[in-house]
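>>> Fold the stuff below for me.
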Amino acid sequence: MTRAHGVVALVAFAAIVGCAGAVSERRDGLDVSTLPADVQSDYAVFAQRCSKCHSLARPLESGINGDAFWRMYVEKMRRQPGSGISEADTVPILRFLHWYSVERPKAAAAAESAAAAVAADAGGSGG
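Next up, the predicted model:
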């Protein structure tokens, strides 16, 4: 392999690795376009501040669904040196976490229940 081929192979490898990193970062958070309009700006603060120190998957996949625990957790994170989370930031962050861990599952359960009712009605009206 010539030196030029080696350089091309190295550049290609770096591009692939860079793209793989970008994909994993993208999967780490949520697709903003799928969020309700009133949650998007809160999510933006959450994503910007909380991804500074850890992956967004850490809080999103934590299974926490209590506002009191989220308040304690966000306050703990806010006090971490270099977190960049101000007291003002806690309001939209907590609002987003409440939506994500409490309101979103309720809406999903209601949609699932409605879909099951429609399916049951469709199955029973075949006469």
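
>>> right, and the helix or strand after the helix or strand bottoming out on mean pLDDT in the chain?
Across the helices and strands of the chain, mean confidence by mean pLDDT, DSSP states H and E is lowest for helix 3-28: a mean of 45. Sequence order places helix 37-50 as the next helix or strand after helix 3-28, per DSSP states H and E.

>>> Provide the contact partners of that following helix at residue level.
Identification of contacts with helix 37-50 by C-beta atoms under 8 Å, 6 or more residues apart in numbering yields 29-30, 32, 35, 56, 59, 77, 83-85, 89, 92-93, 95-97, 99. C-beta: built from backbone N, CA, C; applies to glycine.

>>> let's see it at 6 Å
Here helix 37-50 makes contact (C-beta atoms under 6 Å, 6 or more residues apart in numbering) with G29, V32, L35, G84, I85, D89, P92, I93, R95, F96, W99.

>>> Relative to A114, how far out is the last one?
With distances taken as C-beta to C-beta, to the nearest Å, W99 is found 20 Å from A114.
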